[in-house]
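Participant: for reference, the sequence and a predicted model appear below.
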Amino acid sequence: MKPAPFAYHRPATVTEAVAMLGELGEDAKILAGGQSLVPMLAMRLTHFDHLIDISRVPELNDISLQDNEIRVGAATPHAMVGLDDEIADSVPLLTLATPHIGHFQIRNRGTLGGALAHADPAAEYAAVALALDATIEATSARGSRQIPAAEFFTGLWETALASDEILTAVRFPAWSGRSGFAVQEFARRHGDFAIAGAVVGIQIDDDNRVTRCGIGLLGLGSTPKRATPAEAAVIGAPLDNITAEQIGRLAMSELDDIPSDLQGSATYRTRVGAAMVTRAWTQAAEEALNA
C-alpha cells in the first residue's frame, strides 16, 4: 500500500520546526528516522496532512558530555549512538542496547529521539532511559522543559509530550566507579521485537555492597517498565547475598499488565522476563566485581 497524500516540510532549525508544528497543529507529525512512522503511514494505520522532517536539523544531531551527563540530540541515528566512544565510556548501556535494535538498515536511519517518542513497550532505548533515570528535553514555541524518564511514558505509544512539543535531546547520567552493565532479550529472530528483555546497571562500593541499581524491562507491559521492587531489595546488600534468580522473580512481582498475544501468553512472558533479568543481573554483577 501507499500512504495517503501529505505535505512535506523540512525546517532548518528547532525554532523553525516548533513554529511550524504549533501553526499546523494536530494535522502535523514530526518525522525523524521514519522507521516506525513510515510503515504505519504506508499501511494506512495512521494519517497526517503534514510531515515535518527534523532529521537534518544540525542542533538535533549532536553528542556531548556535560556536567557528568551525556546529552544526545534527538535526531542522532542509532548507529552513531552505538559507535560513539564517549557514550561507550560514560553510558555503556546505550552501546550494549544498540545492536538489539532491528537490523543495521534500521539502525542507520532510526533515531534515539524517535525511538523514545514512539514509546514502543519493546523499545531498548526506552528501557535504558528508565533504568538510568534519563531526562528528556522537550521544546515548543512556548519554551523548553525537562521530563524525567519515569514520567515520560504514559501509555501504549503515548508520552507526556504535548501536541506542540518536539523531543529535542535526552540526557543520560554517567555512572562511575565499580559498575557493571548488561542487556538481555529474547526474540523469535534477530531483529524482531523482543518478547521480553531487561537492561541492568549495578554500582558497588569497596565492600561489594550495591550502592546503585537500575533495571529496565521491555515487552512486559503497555509501556516500558522499571523493576522497582528488585532495585529496592538490593540497595545496600552485599553482592554475595543476592541470588540472580531472586532478582528475576522480584522484577516480575508487581507487573500487572503483561500482554498476551500471538508471540506468547502473559505467563510465558513472565517466565522469559524473569530469565532475562537473571541473565543480565549475573553478567552486570560479574563486570562490577571485576571493575
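Facilitator: Cool, got the structure.
Participant: in space, what's closest to Glu185 - neighbours in sequence excluded?
Facilitator: Gly197 (2.7 Å; Cβ to Cβ, 6 or more residues apart in numbering). From N, CA and C alone the C-beta is placed, and that goes for glycine too.
Participant: pairing partners for the one helix or strand the one you found maps to, with directions?
Facilitator: Gly197 belongs to strand 196-204 when assigned by DSSP states H and E. Here strand 196-204 has these sheet partners by DSSP bridges: strand 178-186 (antiparallel), strand 210-218 (antiparallel).
Participant: so which of the ones you listed gets nearest Leu262?
Facilitator: Closest to Leu262 of the strands paired with strand 196-204 is strand 178-186 (Cβ to Cβ; 15.3 Å).
Participant: how far off centre is the closest one?
Facilitator: 14 Å (Cα atoms, centre = their mean, to the nearest Å).
Participant: what does it contact?
Facilitator: Residues from elsewhere that reach strand 178-186 (Cβ atoms under 8 Å, 6 or more residues apart in numbering): 92-93, 96-97, 100, 124, 194-206, 212, 218-219, 272, 275-277, 279-289, 291.
Participant: filter the residues you listed to the buried ones?
Facilitator: 92-93, 96-97, 100, 124, 194-204, 212, 218-219, 272, 275-277, 279-285, 287-288 (16 or more other Cβ atoms under 10 Å).
Participant: need the pLDDT of the closest residue to Pro11 other than its chain neighbours.
Facilitator: Ranked by Cβ to Cβ, 6+ apart and with sequence neighbours excluded, the top spatial neighbour of Pro11 is Ala17, at 4.1 Å. Ala17 carries a pLDDT value of 96.
Participant: quickly find the element holding Ala17.
Facilitator: Assigned by DSSP H and E, Ala17 belongs to helix 14-24.
Participant: all strands of the stretch 101-250 of the chain, in order?
Facilitator: With strands called from DSSP state E, counting those that start in this stretch, the stretch 101-250 of the chain shows them at 135-140, 143-148, 153-155, 158-159, 166-173, 178-186, 196-204, 210-218, 225-226.
Participant: all set, thanks.
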